[in-house]
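1. have a look; sequence and predicted model below, questions after that.
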Amino acid sequence: METHNLINPLFSSKLFNITTICYFAAMVIFFIYLANRNRGVGLAASITAYAGFVVQTVAIGLRWQESYQLGVGHAPLSNLYESVVFFSWSIILMFAIVDLKLKYRVVGAFVVPFALLGMVWAQLKLDTGAIEPLVPALQSNWLLYHVITCFLGYAAFAVACGVSIMYLIKAKQEEAAGNASAGGVVAMFPSTRVLDDLNYKAIMVGFPLLTIGIITGAAWANYAWGTYWSWDPKETWSLIVWFVYAAFLHARFTRGWVGRPAAILSITGFIFTIFCYLGVNLLLSGLHSYGG
Amino acid sequence: MTTHKRSFTTALWDFFCSLKLSISLLIGLALTSIIGTIIKQNASMDEYQHYYSDSTIRIFNSLGFFDMYHSWWFILLLYLLTVNLVACSIKRLPRVWKMIAEPTLVMDEGLEKSLSLTHEFKLAGDAATLRDKLTAFLSQEFAPPVITEVDGEYHLFAQKARWCRLGVYVVHLSIIIIFIGAIIGSTFGAKGFVQITEGQSVGSFVDRYTGKTVDLGYTLALRQFEVEYYPSGAPKEYRSFLTVLENGQPVPGLIDRKIIVNDPLTYKGITFYQSSYGTIHQLTMRDRKGGAPYKIEAADKEPVSLPGGGFAVIAESVPDVSPYMPGFTGPAVKVVLEERNGTQQSLILLQNNPQFDLQRGGAQIFTYDGKTKYFTGLQVAKDPGVWVVWLGCALMVIGICMAFFMSHRRVWARISKGQVVLGGTASKNQPGFQLHFDELADKLKKL
């Protein structure tokens, strides 16, 4: 009976609250890190974010298990609330790669806020409680492949967007300071060359994931409806996002398109991504009305 | 005149080869695609008139905005993109191919200077001994080298993942293959919808795009349709039990096959997808003055003609009327009667209260006898191009991975008596390759 409390639907929701608090704390500590440039503070910021990530992973796992306990077993990716939570989780995962593998911790100050924003919105504004059974259209393994690849791709684009914002701030400061190394908050930023490269690297991870996400979506649509492409607003917007990042990748090899224009294109790409994810469902109508 | 002509073709060729055109086309496609997500596509004129003024409709219509993804200018953009990526590939591929097929085997001074990674060593032994040592070393630690002898010096060349340089072209090819698949599908394929009532069958469907009737070549019969609900009342599964009949004979393996959403039935290149369903209701009409009752069978929203002229349409049906009409229970239908003279009236019929329509005071009295049968709605698709599209998609993923995550790494060694010069370069991730190269040099020093 002790374990029964663990699978109370409220429990995972409480864990998601702890996650939100962790991400908020991580963001604050990252901002302090920007101001005082103390390596220990930076480490604390990362650890706080990862603590939130671990709690969130457990909570997602529990919610998955809870759905089986309720007899409607399915991955927690079936409505807007669950997808926003997973998006936020993916963003921290992508940040972890930049932090641990590429060693650019300070990027967290501009990436963690996206994850926090997602969690705050999910916890405050979206309906959390009910684990709904899947409608017939969603009862497919394609759901898992399609949603996971899309969201990991979106998360990589979130990192690229954060890095691009840093690039624009740094480039502007350097311009103003007349090539002398800028002081203050910006001093912590990697060089513009590194930021430009990080932007490119993040999109190099996101683009294949988005491509696979679109393909698995098309494969699923073909399997469920007999048409792999029907120019539904969601499909079209995912293609629009794909076009924008394809343009970005080609711009790399064209003189005059590196740096500032690339950063602006990357930010535009992420705004389009968010519209593809949320705007289409909230503002336009179509087949894809599940909230994912 | 000829020079002018040549310069024009050159200019045209350069225009189609330019990356700026690619970027413009990609951004152009992205921005124009937005139009079709804001303006509803292929809706009825009535619906458009509800939203837009006549002059707006005329402008939108002439610009093809109501079916923009098939408009001439959108297709033109797609063709331009195709020409652009073919031209880019033709221009750049030979150079890349040469690098793959005929690698530079000898590191001369010019090449050495152009490489950012070089190491020089003093090693004991004559050139031939060192050559054998290094060949064994590179084979074990990196890749088997090609040996070239020039003026008593030995040159070793080893490389890894040279094919990844083709990644970009694989992606370009994949896009063309996807387009070809789409064209095959729209030329030789057909899409439609069939509705089968329980106990009945169909042998053809109407193509949505051409309006032509497509013969299945067999018949498809529905024995039964079922809906299963979750305890909450939300639908859990829609099931159609279908049998394929050839010349009236059931096809083994396709007798009473269950199909559900996300699990279609395919036979002879045509696939049937569970899409919708409905019910057939039975009504009885009696004359107030007496006489034989007249039975009516009708699906939702399907007009049925009545004896003596006029129509009846079941506008709405509910399994339980109590939330709408407190005090009453059970199934109910809302019927719209249209008399011969055009006057309309709507009536509510309750299965549990057969006397309900008496109060209306009409000349005819209707009763609702309940639903008799289901019908299933199936999307029908015949698309011989779909496998070409999947081939293109698979190639695209492979190509992107080759282009993004693999790096062509090359190592050269120049060996003379007692001296070795090592050089290396990578097509991508140079810092990562540098670690590997330095490690290689360290090991070599200890040889």
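-> Received, thanks.
2. in chain A, what residue comes closest to chain B?
-> Residue of chain A nearest chain B, by C-beta to the nearest C-beta: residue A:226 (3.1 Å). C-beta: built from backbone N, CA, C; applies to glycine.
3. how about the contacts made by that residue?
-> For residue A:226, the contacting residues are B:191, B:264, B:271, B:273, B:379, B:380, B:381, B:383, by C-beta atoms under 8 Å, 6 or more residues apart in numbering or on different chains.
4. pretty sure residue B:227 is touching residue B:234, no?
-> No - using C-beta atoms under 8 Å as the test, residue B:227 is too far from residue B:234 to be in contact (11.0 Å).
5. related to what we said a few turns ago, intersect the contacts of residue A:226 with the contacts of chain A.
-> On the criterion C-beta under 8 Å from any C-beta of the partner chain, B:191, B:264, B:271, B:273, B:379, B:380, B:381, B:383 are the entries of the contacts of residue A:226 that sit beside chain A.
6. okay, domains of the chain per the record?
-> Just so you know, I chose chain A. Chain A breaks down by automatic domain parsing into domains covering A:7-134, A:148-292.
7. wait, chain B was what I had in mind.
-> As recorded under automatic domain parsing, the domains making up chain B are B:2-95, B:103-161+B:409-445, B:174-278+B:377-396, B:281-370.
8. lowest mean pLDDT across those domains, which one is that?
-> Ranked by mean pLDDT, these bottom out at domain B:281-370, which scores a mean of 85.
9. so which bits of the stretch 151-300 of chain B are right by chain A?
-> B:182, B:191, B:230, B:232, B:234-238, B:260-262, B:264, B:271, B:273-275.
10. closest one of the ones next to chain A among the contacts of residue A:226 to chain A?
-> Among the ones next to chain A among the contacts of residue A:226, and counting by C-beta to the nearest C-beta, the member closest to chain A is residue B:381, at 3.1 Å.
11. dump the contacts of residue A:226 to a markdown table, plus secondary structure and neighbour count.
-> Below are the contacts of residue A:226 laid out as a markdown table (DSSP: H, G, I helix; E, B strand; the rest coil; neighbours: other C-beta atoms under 10 Å in any protein chain shown):
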| residue | secondary structure | neighbour count |
| --- | --- | --- |
| B:191 | strand | 22 |
| B:264 | coil | 21 |
| B:271 | strand | 20 |
| B:273 | strand | 24 |
| B:379 | strand | 21 |
| B:380 | strand | 25 |
| B:381 | strand | 25 |
| B:383 | coil | 24 |
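12. farthest-separated two in the residues you listed?
-> Between any two of the contacts of residue A:226, the greatest separation by C-beta to C-beta is 13.4 Å, found for B:191 and B:264.
13. what residues sit buried inside the helix or strand that residue A:81 is a member of?
-> Taking DSSP states H and E as the criterion, residue A:81 maps to helix A:80-100. Using 16 or more other C-beta atoms under 10 Å in any protein chain shown as the test for burial, helix A:80-100 gives A:80-95, A:98-99.
14. over to stretch B:402-415?
-> So stretch B:402-415, judged by 16+ other C-beta under 10 Å, has buried residues B:402-404, B:406-415.
15. residues near residue B:373, how many?
-> For residue B:373, the count of nearby residues is 18 (other C-beta atoms under 10 Å in any protein chain shown).
16. in a strand, it, correct?
-> Yes - according to DSSP: H, G, I helix; E, B strand; the rest coil, residue B:373 belongs to a strand.
17. that one contacts residue B:277, doesn't it?
-> No - contact criterion C-beta under 8 Å: residue B:373 and residue B:277 do not qualify, at 10.9 Å.
18. nearest to residue A:49, out of the domains of chain B?
-> Using C-beta to C-beta as the measure, domain B:103-161+B:409-445 is the one of the domains of chain B that comes nearest residue A:49, at 25.8 Å.
19. distance between the ends of that closest one?
-> Domain B:103-161+B:409-445 stretches 27 Å from its first residue to its last (C-alpha to C-alpha, to the nearest Å).
20. roughly how far out does that domain sit from the chain middle?
-> 47 Å (C-alpha atoms, centre = their mean, to the nearest Å).
21. give me every residue that touches residue A:215.
-> Contacts of residue A:215 (C-beta under 8 Å, 6+ apart): B:393, B:396, B:397.
22. what about those residues, which are in helices?
-> Using DSSP state H, the subset of those located in helices is B:393, B:396, B:397.
23. residue A:148 versus the last one, what's the distance?
-> As judged by C-beta to C-beta, to the nearest Å, residue B:397 and residue A:148 stand 15 Å apart.
24. got it, and residue A:40?
-> Distance of residue A:40 to residue A:148, given as C-beta to C-beta: 35 Å.
25. looking at the two, which one has more neighbours?
-> Per other C-beta under 10 Å, whichever of residue A:40 and residue A:148 has more neighbours is residue A:148, with 18 against 9.
26. can you give me the helices for chain B?
-> Using DSSP H, helices in chain B cover B:2-17, B:19-38, B:45-51, B:54-62, B:72-101, B:109-114, B:127-141, B:167-188, B:386-405, B:430-445.
27. returning to what we had before: derive a ChimeraX selection command for the buried subset of the residues of the stretch 151-300 of chain B next to chain A.
-> This is how ChimeraX selects the buried members of these, with burial counted by 16+ other C-beta under 10 Å:
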select /B:182,191,236,237,238,260,261,262,264,271,273,274,275
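28. tell me how many other residues crowd residue A:255.
-> Quick note: residue A:255 (other C-beta under 10 Å) scores 8 neighbours.
29. wait, is it part of a strand?
-> No - under the criterion used here (three-state DSSP), residue A:255 is coil, not part of a strand.
30. just to revisit the earlier point, ok, and of the ones in helices among the contacts of residue A:215, which contact chain A?
-> On the criterion C-beta under 8 Å from any C-beta, B:393, B:396, B:397 are the entries of those that sit beside chain A.
31. okay, these in CSV with neighbour count next?
-> CSV is the format used below for those (neighbours: other C-beta atoms under 10 Å in any protein chain shown):
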residue, neighbour count
B:393, 22
B:396, 23
B:397, 16
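32. mind giving me JSON lines with these and columns for distance to residue A:256?
-> Converted to JSON lines, those look like this (distance: C-beta to C-beta, whole Å):
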{"residue": "B:393", "distance to residue A:256": "33"}
{"residue": "B:396", "distance to residue A:256": "28"}
{"residue": "B:397", "distance to residue A:256": "31"}
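33. just the closest of the residues you listed to chain A, please.
-> Closest to chain A out of those is residue B:393 (4.5 Å), distances taken as C-beta to the nearest C-beta.
34. and that closest one, how far is that from residue B:30?
-> Distance, residue B:393 to residue B:30, using C-beta to C-beta: 20 Å.
35. returning to what we had before: can you lay out the domains of chain A as CSV showing mean pLDDT?
-> Shown next, in CSV, are the domains of chain A (pLDDT from 0 to 100):
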stretch, mean pLDDT
domain A:7-134, 88
domain A:148-292, 87
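36. export those domains to JSON lines and tack on distance to residue B:76?
-> As requested, the domains of chain A are exported to JSON lines (distance: least, C-beta to C-beta, whole Å):
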{"stretch": "domain A:7-134", "distance to residue B:76": "37"}
{"stretch": "domain A:148-292", "distance to residue B:76": "16"}
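37. show me what contacts the residue positioned nearest the centre of chain A?
-> Taking C-alpha atoms, centre = their mean as the criterion, residue A:155 is the residue nearest the geometric centre of chain A, at 2.8 Å. Residues in contact with residue A:155 (C-beta under 8 Å, 6+ apart) are A:87, A:90, A:91, A:93, A:94, A:206.
38. so the third one touches residue A:158, yeah?
-> Yes - taking contacts as C-beta under 8 Å, residue A:91 lies within contact range of residue A:158: 5.0 Å.
39. joint contacts of the two?
-> Residues touching both residue A:91 and residue A:158 (C-beta under 8 Å, 6+ apart): A:111, A:114.
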